[in-house]
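A.B. asks: need the 3D shape of this:
(one chain, ligands or ions: 1)
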Amino acid sequence: MHAGSLLAAVGSFLHARASGGYWHLRIDDIDPPRAVSGSAAGIQTSLKTHGLQFDSDPQYQSHHSSRYEQALLTLHEQGDLFRCVCTRTMLGPSGSCQGSCANENPTEMVTGSLRIKVPPNTVIALDDAFLGRQSWHLGKQLSDFIVRRRDGLYAYQLAAAVDDASPFTTQVVRGRDLLDSTPRQVFLQRRLGLSSPSYGHLPILTDQYGFKLSKQQGATAIDNDQPTTNVRAALEILGQPSPPSKLRDSASLLAWSLSRWDPCRVPR
Ligand SMILES: [Zn+2]
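C.D. replies: Okay, here's the model as predicted:
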């Protein structure tokens, strides 16, 4: 786990608990080629070391394939899907299909990449817990997007939309790098007749070049031997008051911060 993931963990933990809710961990492991073996266990160890105790057993997206398949079937039966045969170089600037793929309506579920049709007048608006009112003209910005990849794997947007609409999920708190995924997921939830949770997008950490810290970009793992230093740093970036120096363990820092958590202080 790197510092950016810890920031999202601390922010989502405090926001959930301060709202009287539970904090759940989900491992998004639907992309086996990119999954690093042992990383899920490493994340759980790091979270616990930092006093971030989750309230249920972790969920794994790799165990949810039947839900995603059912969702695709529902969308297909509604006539929402089309098969896109475009190559990468044929796609438009936002990755949308520029060809005539949408005109060929498959009568059965076909193999290959599937996109969802977004009607041109589609506007998605919501109140973000930290950013306030957000709205997207999804129909203009992204008139279609991938729900199943060419290699047959479920797209992140589909899996997240389905899992986040679980009746036990009331809030989704995550980094701002996912902000433009949110309207797509809300659109999918509406097409599937599912209710949407509320959303909050936290600041993200970037490297000296302005790129988001990520494992793929080679961000170094946080030091599990320095949990209080790491938690204090995360609280500062989240704009929250500094806990007194006499507090020497991360669980005490979090407990102190929980009663003072103020989403309005999170930098926009
Ligand atoms: Zn296409």
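A.B. asks: C-alpha only now, for contacts and for neighbours.
C.D. replies: Noted.
A.B. asks: mind listing the strands in the stretch 151-268 of the chain by residue range?
C.D. replies: 171-175, 198-202 (DSSP state E, counting those that start in this stretch).
A.B. asks: take the ones you listed and lay them out in a markdown table including distance to the ion and mean neighbour count.
C.D. replies: A markdown table is the format used below for the strands of the stretch 151-268 of the chain (distance: least, CA to the ion, whole Å; neighbours: other CA atoms under 10 Å):
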| stretch | distance to the ion | mean neighbour count |
| --- | --- | --- |
| strand 171-175 | 30 | 20 |
| strand 198-202 | 31 | 21 |
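A.B. asks: can you tell me the residue of the stretch 101-250 of the chain closest to the ion?
C.D. replies: Cys101 (4.6 Å; CA to the ion).
A.B. asks: per-residue pLDDT, that residue?
C.D. replies: Looking at Cys101, its pLDDT stands at 88.
A.B. asks: same thing with Ser96?
C.D. replies: pLDDT, read off for Ser96, is 86.
A.B. asks: please apply the same query to Asp249.
C.D. replies: 96.
A.B. asks: then Ser37?
C.D. replies: 64.
A.B. asks: mind checking how far Asp29 is from the ion?
C.D. replies: Going from Asp29 to the ion by CA to the ion, to the nearest Å gives 27 Å.
A.B. asks: surely that residue and His64 touch.
C.D. replies: No - using CA atoms under 8 Å, Asp29 makes no contact with His64, being 10.2 Å away.
A.B. asks: which one of those two is surrounded by more residues?
C.D. replies: Asp29 (17 against 14; other CA atoms under 10 Å).
A.B. asks: doesn't the more buried one fall inside a strand?
C.D. replies: No - per DSSP: H, G, I helix; E, B strand; the rest coil, Asp29 lies outside any strand segment and is coil.
A.B. asks: get me the contact residues on the stretch 101-250 of the chain for the ion.
C.D. replies: Selection of the stretch 101-250 of the chain residues close to the ion by CA under 5 Å from the ion yields Cys101.
A.B. asks: low pLDDT regions in the stretch 101-250 of the chain?
C.D. replies: Residue ranges of the stretch 101-250 of the chain with pLDDT under 70: 105-109, 208, 213, 215-219.
A.B. asks: returning to that earlier point: show me the one of the strands of the stretch 151-268 of the chain that comes nearest Pro120.
C.D. replies: strand 198-202 (24.0 Å; CA to CA).
A.B. asks: that closest one pairs with which strands, and in what direction?
C.D. replies: strand 171-175 (parallel) (DSSP bridges).
A.B. asks: could you give me the buried positions within the strand or helix carrying Thr74?
C.D. replies: Secondary structure assignment for Thr74, by DSSP states H and E: helix 65-77. For helix 65-77, the neighbour count (16 or more other CA atoms under 10 Å) marks 68, 71-76 as buried.
A.B. asks: if anything else comes up later, I'll come back, but that's it for now.
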